[in-house]
Each structure stands twice: as structure tokens, then as C-alpha cells.
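Participant: Fold the following.
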Amino acid sequence: MSTSERKNVTEEYRNIPMAQLKESGTNPRKTFDEAALEELAESIRSKGVLLPLLVRPVNGHYEIVAGERRYRASKLAGRESVPATVRELTDAECLEIQLIENLLRTDLHPFEEAQGFHALLNQESSPYTVETIAARTGKPASFIARRLKLLDLVKTVADAFLTGQIGVEHSQLIAKLAPEMQEEALRRCFDGYYAADDKERSLVPVSRLQAWIEHNVYLRLGSVPFSKEDETLVPDAGSCANCPKRTGFNTLLFSEVREDSCADAVCFNRKLDAHITQRVAKTPGLVMISDHHQVQGEAPILPRPNYIEVVAKKTKNSRHSGPEQRLCNHLTPAIHMDGMHKGRLVKVCADTNCKIHFANRQQEEKQRLAWIEERKAANRSAKQTVNLRHAMLAEVLRRVRTPLGTEALRLVARFVLGSLSHDLACRLAKRHGLEPSQKAHDWELAEKARSLYKAGDGTVLAPLIFEAMLLAVASSHTETKDDLLTDSAKLFKVDVRALRSAAVKAEKKKKQKSKTPKLRKDKSPVEPSAGRK
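Facilitator: All right, here's what the predicted structure looks like:
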């Protein structure tokens, strides 16, 4: 309402009982800070309501137009009535006051502010547009447009915005995206993308979210293969020329985007698919190509390895140019079915026998086949060798006679000693009194132990084999049912009980010796030191 119109409005000031007041259903503010209300209630208890509420009579009660915070605080303060200015107002005048003349001066949440702007625009016979609201509020039209776009947020993102997880600038960027991209953009608002706990995440700068959207969501329209003015390509989508989801057209909403782009990937790809369908229908024999190395489906689409795209005409220095820059007699028109160049017409060579474009691949195929033949020959040779060695094994075993002679035992000893670990080989060497030329060279000591099979006859080799066999089990802390050492002791009638008894006596003697006091030279015992006083 203008100032002159206000002078003609009749209004009166009175105290109105709390029971006769009713909250307004059109008030954009839906959330109230409880702590702030309690502070205001305390002020009202001590000083009263300093600024009257603005109300209008509706069906026997008074609807609060402005002052709902004061009303709620007065209820907390226990007041029975509050001062108010009663004014006759239409629904449109009431909403205008609530939004423009009152609530824009308070800390209204941007999402609730957007709901208020939307209500103002969608009144029956509304005189308001984005431009008129901008003029009345003193805000730029782009500010109003971005606020209204917040209402396009999907529920998950809107909840994150209302609960303070993301700010208004992040929310405005996400609201411009198609619904199917908004939740992904919300995840990109935070560092710690894979954090298990939301508390571990931190909000990224708006500039980083903007960069991600421009590189991963917005689709550049500068060189699209279809006409942006064509309204018949996808009739229900219309043309791109006046589409509000085109950044170059809707500058109020996309003022920060430099390149003319599309913010609706679904619609963009529908137009690309429609364009491809038209091209294939109009051009018989048009080859359909893919950027992928493997293609699934029934459509005859050539995968990337089965064609070479020719990107330039033949030049004078064609000998030094790559295959994709040289012409041949097999060139044919093709259309990209996917990837960054989807829908674009190009020239390709799809003849794998072409000596110009597939020469390298033909050479690679020859090398691959030659390698396969080499592997087959090597496998045949290895198989023949294994068969020969098994024949040798059968013949040797056929000729073995017992008892084994010295040289046969030497072969057995060579195998057993060679199978010893490094530690066991060193232990065997020490048992036989062997020493390395240098103490640091344990490997030399182990090699000396493994060479013990070279000397001695059968009377030496047989015990050596037995010793090497039992060396590993001798260090075990437990006796098992199939213990080789225990069975060997039984075989050779070793009195294990006597050995155990001797070990116990030796241990007792050692303990007694450690407890016996030391004697001086005069054979008197040495007194334990009592420490310094």
C-alpha cells in the first residue's frame, strides 16, 4: 500500500484479550528461536509490550498481521491482554505487510522468505511480479529470483538447509539443478566425502561447489549438434532459446555462470537422443560409433577399437602425420552415440584391413599371434621335459637295491640337508663344531652344514640324515602323539625317565648353588650389603 492509501485506512488502538487473538496462516515465519522468545518475555514482564501488535478483525476474532513474536512472548510472560492497532485489511494487504513491511526487517529464514514471496506472487489476481516485489523491498530482481528458486530444493537438501548444515549460498546453487542431481551436489558440499559420522565433515567453500557444478553438471551449449531454436525436436521441452534452465537466457538466476549452458542434463540428453534418431533415419548407412571399448545391446554400434576417426584432411607432410590425419578409400560418415561428442557427425575408417589406419593394429596382431605360437612351443617343450624326467624316475626306482650304498645315501643326505632352514642349518653346524671364517657370516656357516654330505661313508651319512631329520622336532616345547623324537627314543631304547630325572636334579643343584653365600678368602661368609646410612 502507498502512503496516501494508508491515510484513508481507519484504525483504532485498544487492549485486546489474549483469548481473542489468533495467529495468521499466511505468516511466512514458521520457526521461532525459543531462547530469544524467553528474553523478550522477560522484557515484557518488566516493561510491558512497548510496540503494539497490528491485527485485523476476522470472523469474530483478531488475526495477528504483525507482531507474532510479541504475542508468543506475552503468552510466556502470562499477560491477559496486549496493546494492538486494529485495521481493516484485505488478504493481499495483510500478506504484503507481513512479508514486505515487517518480516524483511527481521531475521526471517531465507526458505520461509521464499515461501512468502511465492505466496505473494500466487494470490488470485495478484499485481505482483518479481520486478514489483524487488522494487517494493529494495532488493535486486536477481535476489528475489534466487530466493524463489529455493522452493525447488528436494526434501533432503531443504532439510539440510533448514537445520543449518548448509548455508543459503550453497542452497541457491543446488536449487538451480535438476532434482536427480541435487542430492549428489549436497554430498559435494562437504569435505570428508566418505566420513562415517556427519560431525567429521566440514562445509566446503561456495566457490568449490560452484566449480564442481560447472565441470560436472552444466552442459555447454556453445557447439551442440542440434538447433537451440528447434521447438519440434522434443515438443514437450520446447526450444533452448527461451528455456529458464539455460544459463544464457535466465541471467537473473544464473548471473555467475559465464558460458551459455544447460542445467538440466535429462532434457539435454533427450534432445541429443532425438537428434541422433533423426540423423540415423535421414542418412542411410550412417555408422554409429561409441567411445567405449565394449558395447552392449542389440544396436549395431562400433566400439572404440573398431574404427579410426579422421580429424583432418591430407596434407603435404602426411608422411609425418598420425593415421587419424590421413585419408583412405574406406572413409564413411559416422555419428557419436555417447561420450563428450555425442550426436556429432564425423568421418571414420572402419575397415580393419586398411593399411593406412590399421597398420599398427595389424602389426600388433601379428606379434600377438607369434607370441601365442612361442608360448605353445614352450609349453610343448616343457611337457616333453617333464615326461622324460618321470620316465627317468621310474627307471631309477626300478633299479634301486637295498641296503643303499654310500653314493645313494650321499644323494639322500644332500636332499635332506638342502631342505633345512637357515636357522636349523646353523644349529647343525654348531653341533658338528663348524665355525665360519667371520662370525658375522651366518650364511657361510649354514652352507658348511649343507655340505656335510660330501664327506664320509655310509656309517657317517646315515646318522647325519637321522640327525637332520630330528633337529627340527627337538626344539618343540610339547610332545605330540606322532612325535618323531619320542618314537626314535623308543626305537633305540633310550631311558627318557632317567634323562628327565637327571635334568630335574641338575636344576635343583643349580638353584641351591645360587642361594649359597659367597665366602671370603678367610672362608667367612660375606654379609649382604645393608646400603649406605
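Participant: where in the stretch 351-500 of the chain is pLDDT low?
Facilitator: Across the stretch 351-500 of the chain, the ranges flagged by pLDDT under 70 are 438-440, 479.
Participant: Do a quick rundown of the strands in it.
Facilitator: Read by DSSP state E, counting those that start in this stretch, the stretch 351-500 of the chain holds no strands at all.
Participant: could you pull out the helices for it?
Facilitator: Here the stretch 351-500 of the chain has its helices, by DSSP state H, counting those that start in this stretch, at 359-399, 406-418, 422-431, 442-450, 458-474, 484-491, 496-515.
Participant: Spit out the contact partners of Met288.
Facilitator: 280, 299-302, 334-335, 337 (C-beta atoms under 8 Å, 6 or more residues apart in numbering). The way it works is simple: take the backbone N, C-alpha and C, and place the C-beta from them, glycine included.
Participant: just Val295 next, same as before
Facilitator: Each residue near Val295 by C-beta under 8 Å, 6+ apart is listed here: 301-303.
Participant: May I see those arranged in a markdown table, with pLDDT, distance to Ser514 and neighbour count as well?
Facilitator: Below are those laid out as a markdown table (pLDDT from 0 to 100; distance: C-beta to C-beta, whole Å; neighbours: other C-beta atoms under 10 Å):
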| residue | pLDDT | distance to Ser514 | neighbour count |
| --- | --- | --- | --- |
| Ile301 | 91 | 89 | 17 |
| Leu302 | 91 | 89 | 16 |
| Pro303 | 91 | 83 | 14 |
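Participant: looking at the sheet around the closest residue to Lys22 other than its chain neighbours, what are its partners?
Facilitator: Of all residues not flanking Lys22 in the chain, His61 sits nearest, at 4.9 Å (C-beta to C-beta, 6 or more residues apart in numbering). With DSSP bridges applied, His61 shows beta-bridge pairing to Val58.
Participant: Count the neighbours of His61 for me.
Facilitator: 12 (other C-beta atoms under 10 Å).
Participant: Quick check: it touching Pro17?
Facilitator: No: taking contacts as C-beta atoms under 8 Å, His61 lies outside contact range of Pro17: 10.2 Å.
Participant: Give me the pLDDT value at His320.
Facilitator: The model reports His320 with a pLDDT of 54.
Participant: Give me the below-cutoff pLDDT ranges for the chain.
Facilitator: For the chain, the stretches flagged by pLDDT under 70 are 1-10, 30, 101-107, 192-200, 297-299, 312-322, 438-440, 479, 516-533.
Participant: re earlier: between the helices of the stretch 351-500 of the chain, which one is closest to Thr163.
Facilitator: For the helices of the stretch 351-500 of the chain, the distance to Thr163 is smallest for helix 359-399, at 57.7 Å, taking C-beta to C-beta.
Participant: from the chain's centre, how far out does the closest one sit?
Facilitator: 46 Å (C-alpha atoms, centre = their mean, to the nearest Å).
Participant: list the helices and strands it packs on?
Facilitator: Contacts defined by 3 or more C-beta pairs under 8 Å, 6 or more residues apart in numbering; DSSP states H and E place helix 359-399 against no helix or strand at all.
Participant: quick one on the thing from earlier: pull up the gap between the residue nearest to Lys22 and Leu95, please.
Facilitator: According to C-beta to C-beta, to the nearest Å, His61 and Leu95 sit 18 Å apart.
Participant: Also Asp236?
Facilitator: Asp236 is 34 Å from Leu95, where distance means C-beta to C-beta.
Participant: These two: who's more crowded?
Facilitator: With neighbours defined as other C-beta under 10 Å, Asp236 and Leu95 compare such that Leu95 has more, 22 against 6.
Participant: what residues does the host helix or strand of that one touch?
Facilitator: Element membership for Leu95 (DSSP states H and E) is helix 91-96. Helix 91-96 is contacted by residues 1, 24, 26, 56, 63, 65, 116, 119-120, 123, 126, 136 when judged by C-beta under 8 Å, 6+ apart.
Participant: in stretch 156-168, what's buried?
Facilitator: By 16 or more other C-beta atoms under 10 Å, the buried positions in stretch 156-168 come out as 157-158, 160-162, 165-166, 168.
Participant: Endpoint to endpoint, it covers what distance?
Facilitator: 15 Å (C-alpha to C-alpha, to the nearest Å).
Participant: do stretch 136-152 as well
Facilitator: The first-to-last residue distance of stretch 136-152 comes to 24 Å (C-alpha to C-alpha).
Participant: tell me which residues in it are buried?
Facilitator: So, applying 16+ other C-beta under 10 Å, buried residues of stretch 136-152: 137, 142-150, 152.
Participant: and what of stretch 472-485?
Facilitator: So stretch 472-485, judged by 16+ other C-beta under 10 Å, has buried residues 473, 485.
Participant: again with stretch 208-223
Facilitator: Buried residues in stretch 208-223, counted by 16+ other C-beta under 10 Å: 209, 212-214, 217-218, 221.
Participant: Distance-wise, check Glu229 relative to Arg258.
Facilitator: Distance of Glu229 to Arg258, computed by C-beta to C-beta: 22 Å.
Participant: Also Glu180?
Facilitator: For Glu180, the distance to Arg258 - C-beta to C-beta - is 25 Å.
Participant: Gln115 too?
Facilitator: Counting by C-beta to C-beta, the separation of Gln115 from Arg258 is 31 Å.
Participant: cool, Thr385 as well?
Facilitator: Thr385 sits 71 Å away from Arg258, going by C-beta to C-beta.
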